[in-house]
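**Q** Here is my input, please return the structure:
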Amino acid sequence: MIRKLRLQASTIRKIEGSIFIAPWIFGFLAFVAFPLGYSLYMSFHQVRITVDSVVYTFLGFQNYKEILVSNGSLLYEDLIPFLRESIMMIPIILVFSLLVAILLNLKFPGRTLFRIIFFLPVIFSSGQIVQEFINQGEGSLSVLESLHIEEYLQEYVPASWAEPIQTVMS
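**A** Okay, the predicted model is just below:
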């Protein structure tokens, strides 16, 4: 006599949830966790690529000592300006993105025109068209140039902070 197996509703939901989350877990493991772990492993080794294999020589913390202590300029000349620029750019980009998203979803007269104007760069984003705009001088914001904001930044803001702000505005 064959006995039918009946699953409870909660068990079926757990199985369905596991099936739906499985692609994300696979993607995370394959494209995030494994590369990060392998990079960490390689940071403790000297890696040489030979004709027939990859040779790993264990160095311990020597690479970290080199970057942080012995030759700190490698870290501080590249990382600190990058972090400073990121601290300025990320909040500006987030606030701008949220404001535009709100404007795109509000109901107001001319909303369709606003959406068309906003998405025109997506339509015209081929390299040739963008290059032609830049060649014609249309790539800059004349309003910012007319207000001489760069001069005010250089005068009133420390140079280390003025440069990332100018980069964001340009």
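
**Q** Assign L7 to helix, strand or coil.
**A** Secondary structure, DSSP: H, G, I helix; E, B strand; the rest coil: L7 is coil.

**Q** For it, list the residues it contacts.
**A** I15 (CB atoms under 8 Å, 6 or more residues apart in numbering). C-beta coordinates here come from the backbone N, C-alpha and C atoms, glycine included.

**Q** repeat that for 10 Å
**A** Listed by CB atoms under 10 Å, 6 or more residues apart in numbering, the contact set of L7 reads 13-15.

**Q** CSV please, covering these and showing neighbour count, pLDDT and secondary structure.
**A** Output for the contacts of L7, formatted as CSV (neighbours: other CB atoms under 10 Å; pLDDT from 0 to 100; DSSP: H, G, I helix; E, B strand; the rest coil):
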residue, neighbour count, pLDDT, secondary structure
R13, 11, 92, helix
K14, 12, 92, helix
I15, 11, 93, helix
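
**Q** Mind putting these into JSON lines with distance to Y56?
**A** Output for those, formatted as JSON lines (distance: CB to CB, whole Å):
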{"residue": "R13", "distance to Y56": "46"}
{"residue": "K14", "distance to Y56": "42"}
{"residue": "I15", "distance to Y56": "42"}
